[in-house]
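S.K.: Following is a predicted model, sequence given first.
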Amino acid sequence: NQPTWKQRFSALLHYFFAPKRYSSKNSFSIQLAINFAIATAVVVVLHIAEDLVFFKEIKDFALDTIMYYHSDFEPTLENGEKMQRMALITIDDKTYRDWGFPVITPRDKLQALIEKAVDGGANVIAVDIELSWASEGYIHAPDSLSLSTADQTLVDYLHNINARDTAPPILLAGMYRKPLKDNGIIDNNAFLERQPSFLDGVLKEEKNVFWASSFFVVDEDRIWRQWQLAPLVCQEGHLTVVPSLALLTALAELHSVEGNAAAQKIRDLKTRLNDWAKQFSCEVKEKTIAELCRIPKTCPDFTVTLPQKEGVNDDSHLINLAASDAKERIVYRFAPSDKPDLKRGAVIDIYSAAEVLADEAELENQIVFIGVTHQDSGDRHPIPIRALTDVDGVYIVANAADTLLRFGQLQPQTPQSKIIESIILVILMTAIFTLFSVVPAFILSSLFVFALIIWTFYELRHGVDVDVALRSLTIQIFQTVGQVRYLAWKNSQEIKKVWKNAQ
């Protein structure tokens, strides 16, 4: 008689989940010890070598993939309330063409956009547009420059904003370059130097208008994953600290409910940093604040508090610039859609410059970014969630600010959590590959790895970088390959035995 489907299903379950048989307790103990040794060795080796090129690429790929499936979602606060959105004013292709394909963003148009944001009640305005060149297309010291009417009007407007008792902070991205050696080659070992701007003459004292940096770190695969919180720059023969555009944006937004406290917080931070940095010459070997603070010199308080704010974030975050790595990870959440046909909703309010100038934008109580997004900008880069389609630089700045607002910096696992997770991982993977044969063991371990990846998704939503997937997958591969090789060897021995008896 043919077996019924129930009998077939029962036999299948028995095959997959019946315990693996051993000829003796001794062979069971040996297999248990081998599997335990493999799992432990993988965890230890990966802990030591996790930052080597090969393993770093795997970790980057895993986190990039998780970020991609996390992107374009509306985050909510603990009470279920939607997080406050940002506003991005773009000089897009249509606006760019309507303006006559200008090489430099017209200064009168830029002033009008800033005015619209100020008059519209923006909390903070971050301008990611190059402002070193005057309209004529050259960089000059401000005292040797005869300004065009548009340039002078922008200078006067920012001067008036800067002198007000109350005004939303306006953050301007400065231009920085490596100096040249005597032979004309770029000196990559030197500090960056700030290029003069036609605005310098009226912004010597930063009160409501501030210079900031937009330094990002490009990985070997060209993807922009990291940024610098507060890089060191050589200026007037000594070091200065130029906080990043993203850091100052987050700081201003979270203090914007307190009158003019946002601008005061930025002034206090820049004063603390630069009063300390100016004691160092540009010849020091250390290249970050953290490195300088390790040598026998007194470091002041370099902590920056990003407080909790209703509608923006749930928790207060503390960032210690003296202990932070020079490279901070961006947790990307939004970018131009890679699949426009799906019509996924944007999680940032995007307005073209033309819409803003026509009073068709809602900017009240928002963080407002102003940036260039047309095809000729030259400021486009691949990012983890759009690795095949370059993204405009202003999106990268906005995502870095968003990372700070949601959970401060991307946090690694605590040592205690990593130890507990490693112990559980070793015990479970050892048990699975000891108790079950290779096929069911592979299936069960895959289910376990999938559960760990889901946990990784959850932890990333809370700003914690969990790299358990690499360890679990490596253990699974080693255990599976080991068992397959053992079975092949065992079968070959049995074949040899049968052949010998036959002879």
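M.R.: Everything's here; your move.
S.K.: List the contacts of residue 426.
M.R.: Residue 426 makes contacts with 36, 39, 40, 43, 475, as judged by CB atoms under 8 Å, 6 or more residues apart in numbering. For every residue, glycine as well, the C-beta is placed using N, CA and C.
S.K.: try 7 Å this time
M.R.: When contacts are counted by CB atoms under 7 Å, 6 or more residues apart in numbering, residue 426 touches 36, 39, 40, 43.
S.K.: min pLDDT across those, which one?
M.R.: The member of the contacts of residue 426 with the lowest pLDDT is residue 43, at 80.
S.K.: From the contacts of residue 426, keep the buried residues only.
M.R.: If you count burial by 16 or more other CB atoms under 10 Å, the buried members of those come out as 36, 39, 40, 43.
S.K.: Sort out for me which of the residues you listed are in helices.
M.R.: Using DSSP state H, 36, 39, 40, 43 are the members of the buried ones among the contacts of residue 426 that sit in helices.
S.K.: ok, the third one - contacts?
M.R.: With contact set as CB under 7 Å, 6+ apart, residue 40 has these partners: residue 426.
S.K.: Look up which helix or strand residue 334 falls in, please.
M.R.: When secondary structure is defined by DSSP states H and E, residue 334 falls outside every helix and strand.
S.K.: Check whether it really touches residue 348, as I assumed.
M.R.: Yes. Using CB atoms under 7 Å as the test, residue 334 is close enough to residue 348 to be in contact (5.0 Å).
S.K.: got any ranges where the stretch 151-300 of the chain has weak pLDDT?
M.R.: Within the stretch 151-300 of the chain, the stretches with pLDDT under 70 are 258-259, 296-297.
S.K.: mind checking how far whichever strand or helix holds residue 268 is from the chain centre?
M.R.: Residue 268 is part of helix 261-277 when elements are defined by DSSP H and E. Centroid separation for helix 261-277 versus its chain: 24 Å, with CA atoms, centre = their mean, to the nearest Å.
S.K.: Follow the chain on from that helix and name the next helix or strand.
M.R.: The helix or strand immediately downstream of helix 261-277 is helix 289-294, counting by DSSP H and E.
S.K.: What lies in contact with that following helix?
M.R.: Helix 289-294 is contacted from outside by 230, 232, 241, 280, 286, 299, 302, 321, 322, 323, 324, using CB under 7 Å, 6+ apart.
S.K.: if you set the cut-off to 10 Å instead, what comes out?
M.R.: Contact with helix 289-294 is made by 229-232, 239, 241, 273, 276-277, 279-280, 284-286, 288, 299-300, 302, 320-326, as judged by CB atoms under 10 Å, 6 or more residues apart in numbering.
S.K.: Out of the residues you listed, which end up buried?
M.R.: With neighbours counted by 16+ other CB under 10 Å, the contacts of helix 289-294 contain buried members at 229-232, 239, 241, 273, 276-277, 280, 288, 302, 321-322, 324, 326.
S.K.: Please identify which helix or strand holds residue 90.
M.R.: Per DSSP H and E, residue 90 falls inside strand 87-91.
S.K.: right, I mislabeled it, should have said residue 210
M.R.: Taking DSSP H and E as the definition, one finds residue 210 inside strand 209-212.
S.K.: Helices of the chain, residue ranges please.
M.R.: Along the chain, the segments classed as helices by DSSP H run 5-17, 25-49, 53-70, 93-98, 107-119, 149-163, 245-254, 261-277, 289-294, 353-357, 393-407, 415-435, 438-461, 468-502.
S.K.: Any chance of JSON lines for the ones you listed, columns distance to residue 365?
M.R.: Shown next, in JSON lines, are those (distance: least, CB to CB, whole Å):
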{"stretch": "helix 5-17", "distance to residue 365": "58"}
{"stretch": "helix 25-49", "distance to residue 365": "46"}
{"stretch": "helix 53-70", "distance to residue 365": "26"}
{"stretch": "helix 93-98", "distance to residue 365": "25"}
{"stretch": "helix 107-119", "distance to residue 365": "12"}
{"stretch": "helix 149-163", "distance to residue 365": "18"}
{"stretch": "helix 245-254", "distance to residue 365": "10"}
{"stretch": "helix 261-277", "distance to residue 365": "13"}
{"stretch": "helix 289-294", "distance to residue 365": "33"}
{"stretch": "helix 353-357", "distance to residue 365": "16"}
{"stretch": "helix 393-407", "distance to residue 365": "14"}
{"stretch": "helix 415-435", "distance to residue 365": "37"}
{"stretch": "helix 438-461", "distance to residue 365": "25"}
{"stretch": "helix 468-502", "distance to residue 365": "40"}
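S.K.: Deepest-packed of these, please.
M.R.: Ranked by mean neighbour count, those are led by helix 245-254 with a mean of 27 (mean count of other CB atoms under 10 Å).
S.K.: Now do it against helix 393-407, angle only.
M.R.: Orientation check (axes from the mean of the first three to the mean of the last three CA atoms, to 10 degrees): helix 245-254 against helix 393-407 gives 50 degrees.
S.K.: Tell me where the model's unsure across the stretch 351-500 of the chain.
M.R.: Scanning the stretch 351-500 of the chain for pLDDT under 70 picks out 466-470, 483-491, 493-495, 498.
S.K.: ugh, wrong one, I meant the stretch 1-150 of the chain
M.R.: For the stretch 1-150 of the chain, the stretches with pLDDT under 70 are 1, 12-20, 50-51, 53-54, 143-145.
S.K.: Recalculate using a threshold of 50.
M.R.: Within the stretch 1-150 of the chain, no stretch has pLDDT under 50.
S.K.: The closest residue to residue 241 other than its chain neighbours: what's it in contact with?
M.R.: Using CB to CB, 6 or more residues apart in numbering and skipping the chain neighbours, the partner closest in space to residue 241 is residue 273 (3.8 Å). Shown in contact with residue 273 (CB under 10 Å, 6+ apart): 230, 232, 239, 240, 241, 242, 243, 289, 300, 302, 304, 321.
S.K.: about what we covered before: now, which of the buried ones among the contacts of residue 426 sits nearest residue 115?
M.R.: Nearest to residue 115 among the buried ones among the contacts of residue 426: residue 43, at 58.0 Å, using CB to CB.
S.K.: Quick check: the gap between the closest one and residue 454.
M.R.: Distance of residue 43 to residue 454, computed by CB to CB, to the nearest Å: 20 Å.
S.K.: Just send the buried ones among the contacts of residue 426 back as JSON lines, with distance to residue 220 too.
M.R.: Output for these, formatted as JSON lines (distance: CB to CB, whole Å):
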{"residue": "36", "distance to residue 220": "36"}
{"residue": "39", "distance to residue 220": "31"}
{"residue": "40", "distance to residue 220": "31"}
{"residue": "43", "distance to residue 220": "26"}
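S.K.: which one of those residues sits closest to residue 499?
M.R.: Closest to residue 499 out of the buried ones among the contacts of residue 426 is residue 36 (35.2 Å), distances taken as CB to CB.
S.K.: now could you export just the CA positions of stretch 215-223 as PDB?
M.R.: Extracted as PDB, the C-alpha positions of stretch 215-223 are listed here (Å, rounded to 0.1, in the frame of the first residue of the first chain):
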ATOM      1  CA  PHE A 215      33.100  66.900   6.000                       C
ATOM      2  CA  PHE A 216      32.200  63.300   5.100                       C
ATOM      3  CA  VAL A 217      34.400  60.200   5.000                       C
ATOM      4  CA  VAL A 218      34.400  58.200   1.700                       C
ATOM      5  CA  ASP A 219      34.900  54.500   2.100                       C
ATOM      6  CA  GLU A 220      37.000  52.500  -0.400                       C
ATOM      7  CA  ASP A 221      33.900  51.400  -2.200                       C
ATOM      8  CA  ARG A 222      33.000  55.100  -2.800                       C
ATOM      9  CA  ILE A 223      30.000  55.000  -0.500                       C
END
